[in-house]
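> below: sequence and its predicted model.
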Amino acid sequence: MSISNTMTEYEIERKLRYIYFSLPFIILLPFYFTYRYVTVHHVSSAIYYILPPLIALIFIPFIYRKTGNYNLVAAPYITIALTVGYTLIFMAGGVKAPGLFWMMVSPILGGTIWGKRGGYLGVILVIIAFAIFWKLESLGIRGPVLLSANEYQEQKIVNFILLSLFSFSILINFIRTEDESMNRLQSKTEQIDMLMRLLVHDVANALTVLKMDIRATQKKQTNNTNDNKQLTRSEHTISTLEKLLIDVTTLKMIDDETIKIDIEPVNINVCIQEAIDLVLPKAEEKKIEINLASIKDNISIMSSHSLLKTQVLVNILNNSIKFSSENDRIDISCRRIENEVKISIQDYGIGIPTELIPSLSSFERKTNRRGTHGELGTGHGIPILVRILEILGGTIDIDSIEQSKSSSNHGTTMTITFQASNN
């Protein structure tokens, strides 16, 4: 696959800019040194070795306009530029040439024009060329240009100044190009954010209307059990979609660091009780009992009350309800161990497959499963929970035994740990 086929038009435009920007240097500098070699050192062969390829470089801009093929521009440009450069270095003394450090232009040109692979290729070419020059020097084979000591020092300074100007020009172009890329990226990000906000808002409104219609229809369909079951499933599906929208919004706020976090002393007993109140309707649908063991009123942690309640505790409780059977129970306990507070939520449901537990906190791995009543899930609940806990300075441990492996001792225990508050 050619490089041009893997790049966007904007990327090609950026790389062409490097070519056009460096082209005057690549043409004029060899012309200058060729002129000196011919007029000062009377090395007429420089004309035959250097001028024809330099003249060919002049037509580089017209090749892309004619063909639209980036490779037909980049390949001859790199080949001619490096060939001319290495030829001039050899003519001026090889490893002893005053402009030997021009060899380092190879990875610079390769990287800016052909990316990472071009940069690596440029480094390899430098090593090979230096090894060849070194070998030729050891065999006594040198270029035709003989420089005096004074001229050598003069040419060394000239080469250093010219290389500095060349590198500076490449750097300026690189900074300008990167600024343009960042502006383009920011503009696209803002467009995506706006579209996502519109999508979430409009879809959420549509789902709310559908849910209201379903509930209104359920009231009318009091005698038709099958219809009511279908409507209930539809309502659960809508609730899942609503949860997905909330997950997406929360993730975006976390990534953008725009989620408001008020860290304050949080009374664990109050926070857990409020979380239970939020999930109680779902628990009652499956006749699941939620038991909260007695907690000392003075147990508190430094956290965000709202995030701990809605994004952590409610998430865990919803999972426990989802994977528990009818008439099951969920036990919640809290204890302080030295400077740590541990909140454990234990259910006696179907459990989590052992191989799935390490992937629960990953957004990339698919971990969503249907509940005991066929409840759908987004698979984002635990990853969001883990991210929120990281922000709040908490951790989570998950222990689970599948029902298929033990008929009497099964279920899942999730334990979250925080540093205790001194208040």
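Here it is on my side, so go on.
> where do the strands sit along the stretch 301-423 of the chain?
In the stretch 301-423 of the chain, the strands defined using DSSP state E, counting those that start in this stretch lie at 329-337, 340-347, 395-401, 411-419.
> nearest to E9, of those?
Across those, E9 has its closest neighbour in strand 395-401 (46.3 Å, Cβ to Cβ). C-beta: built from backbone N, CA, C; applies to glycine.
> residues in contact with the closest one?
Residues outside strand 395-401 that contact it (Cβ atoms under 8 Å, 6 or more residues apart in numbering) are 351-352, 354, 357, 360, 385-386, 389, 409-417.
> name whatever forms a beta bridge with E264.
S303 (DSSP bridges).
> for it, the count of nearby residues, please.
For E264, the tally of surrounding residues (other Cβ atoms under 10 Å) stands at 13.
> check contacts around it.
M302, S303, S304, H305.
> same thing with M103?
M103 neighbours (Cβ under 8 Å, 6+ apart): G85, Y86, I89, V126, A129, F130.
> the first one: how many residues sit nearby?
What that stands for is G85. G85, neighbours per other Cβ under 10 Å, totals 21.
> hey, which helix or strand in this structure has the poorest pLDDT?
helix 225-256 (a mean of 68; mean pLDDT, DSSP states H and E).
> break the protein into its domains for me.
Using automatic domain parsing, the domains assigned to the chain come out as 3-147, 260-419.
> any chance of these in CSV, plus mean pLDDT and distance to L171?
What follows is those, written out as CSV (pLDDT from 0 to 100; distance: least, Cβ to Cβ, whole Å):
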stretch, mean pLDDT, distance to L171
domain 3-147, 85, 10
domain 260-419, 86, 37
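> could I get these in JSON lines, plus columns for distance to L185?
Shown next, in JSON lines, are the domains of the chain (distance: least, Cβ to Cβ, whole Å):
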{"stretch": "domain 3-147", "distance to L185": "11"}
{"stretch": "domain 260-419", "distance to L185": "21"}
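> for I175, find the nearest of these.
domain 3-147 (12.3 Å).
> quick one: the helix or strand in which S164 is found to chain centroid distance?
Applying DSSP states H and E as the criterion places S164 in helix 149-220. Averaged C-alpha coordinates place helix 149-220 at 12 Å from its chain's average position (Cα atoms, centre = their mean, to the nearest Å).
> elements contacting that helix?
In terms of contacts (3 or more Cβ pairs under 8 Å, 6 or more residues apart in numbering; DSSP states H and E), helix 149-220 is packed against helix 9-39, helix 105-138, helix 225-256.
> now render those helices as CSV, adding mean neighbour count and distance to K342.
Formatted as CSV, the helices and strands packed on helix 149-220 follow (neighbours: other Cβ atoms under 10 Å; distance: least, Cβ to Cβ, whole Å):
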stretch, mean neighbour count, distance to K342
helix 9-39, 17, 52
helix 105-138, 17, 48
helix 225-256, 15, 24
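> make CSV from the ones you listed and add distance to R329 to it.
Output for the helices and strands packed on helix 149-220, formatted as CSV (distance: least, Cβ to Cβ, whole Å):
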stretch, distance to R329
helix 9-39, 59
helix 105-138, 58
helix 225-256, 22
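> of all these, which one is nearest K286?
Closest of the helices and strands packed on helix 149-220 to K286 is helix 225-256, at 11.8 Å (criterion: Cβ to Cβ).
> quick check: pLDDT value at Q155.
As predicted, Q155 sits at a pLDDT of 87.
> show me what contacts L147?
Applying Cβ under 8 Å, 6+ apart, one finds that L147 lies in contact with A92, G93, P98, Q155.
> of those, which is the nearest to R335?
Using Cβ to Cβ, those come closest to R335 at P98, 77.0 Å.
> my guess is that closest one contacts A92, does it?
Yes - P98 is within contact range of A92, at 6.5 Å (criterion: Cβ atoms under 8 Å).
> which residues do the two both contact?
With Cβ under 8 Å, 6+ apart as the test, P98 and A92 both reach L147, Q155.
> higher neighbour count, those two?
A92 (27 against 20).
> quick check: that one vs F25, distance?
Per Cβ to Cβ, to the nearest Å, A92 is found 18 Å from F25.
> can you check Y49 too?
To F25, Y49 is 19 Å away according to Cβ to Cβ.
> buried stuff in stretch 179-194?
By 16 or more other Cβ atoms under 10 Å, stretch 179-194 has no buried positions at all.
> which residues are contacting it?
If you take Cβ under 8 Å, 6+ apart as the criterion, stretch 179-194 is touched by Y10, R14, K252.
> name the nearest of the residues you listed relative to L292.
Nearest member of the contacts of stretch 179-194 to L292, counting by Cβ to Cβ, is K252, at 33.0 Å.
> excluding its backbone neighbours, what's nearest that closest one?
Distance criterion Cβ to Cβ, 6 or more residues apart in numbering; nearest residue to K252, sequence neighbours excluded, is M196 at 6.8 Å.
> count the residues that sit near that neighbour.
Neighbours of M196 under the rule other Cβ under 10 Å: 13.
> check L139 too.
Counted with other Cβ under 10 Å, L139 comes out at 8.
> again with A74
If you count neighbours by other Cβ under 10 Å, A74 ends up with 25.
> nearest spatial neighbour of it, chain-adjacent residues omitted?
In space, A74 is closest to I113, 5.2 Å off (Cβ to Cβ, 6+ apart).
> the one you found reaches A75, doesn't it?
No - at 9.6 Å, I113 does not count as touching A75 under the criterion of Cβ under 8 Å.
> which residues touch P30?
Per Cβ under 8 Å, 6+ apart, neighbours of P30: I50, L54, V84, G85, L88.
> now with 6 Å, please.
Applying Cβ atoms under 6 Å, 6 or more residues apart in numbering, we find P30 in contact with I50, L54, V84.
> next one: C271
H305, L308, K309.
> just the CA atoms of the host helix or strand of it, as PDB, please.
C271 belongs to helix 268-285 when assigned by DSSP H and E. Extracted in PDB, the C-alpha atoms of helix 268-285 (Å, rounded to 0.1, in the frame of the first residue of the first chain):
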ATOM      1  CA  ILE A 268     -22.000   7.100  55.100                       C
ATOM      2  CA  ASN A 269     -25.200   6.100  56.700                       C
ATOM      3  CA  VAL A 270     -27.200   8.900  55.100                       C
ATOM      4  CA  CYS A 271     -25.500   8.400  51.700                       C
ATOM      5  CA  ILE A 272     -26.200   4.700  51.600                       C
ATOM      6  CA  GLN A 273     -29.800   5.100  52.700                       C
ATOM      7  CA  GLU A 274     -30.500   7.700  50.000                       C
ATOM      8  CA  ALA A 275     -29.000   5.300  47.400                       C
ATOM      9  CA  ILE A 276     -31.300   2.500  48.600                       C
ATOM     10  CA  ASP A 277     -34.300   4.800  48.200                       C
ATOM     11  CA  LEU A 278     -33.300   5.500  44.600                       C
ATOM     12  CA  VAL A 279     -33.100   1.800  43.700                       C
ATOM     13  CA  LEU A 280     -36.000   0.500  45.900                       C
ATOM     14  CA  PRO A 281     -38.600   0.600  43.100                       C
ATOM     15  CA  LYS A 282     -36.500  -1.800  41.000                       C
ATOM     16  CA  ALA A 283     -35.900  -4.000  44.000                       C
ATOM     17  CA  GLU A 284     -39.600  -4.200  44.800                       C
ATOM     18  CA  GLU A 285     -40.400  -5.300  41.200                       C
END
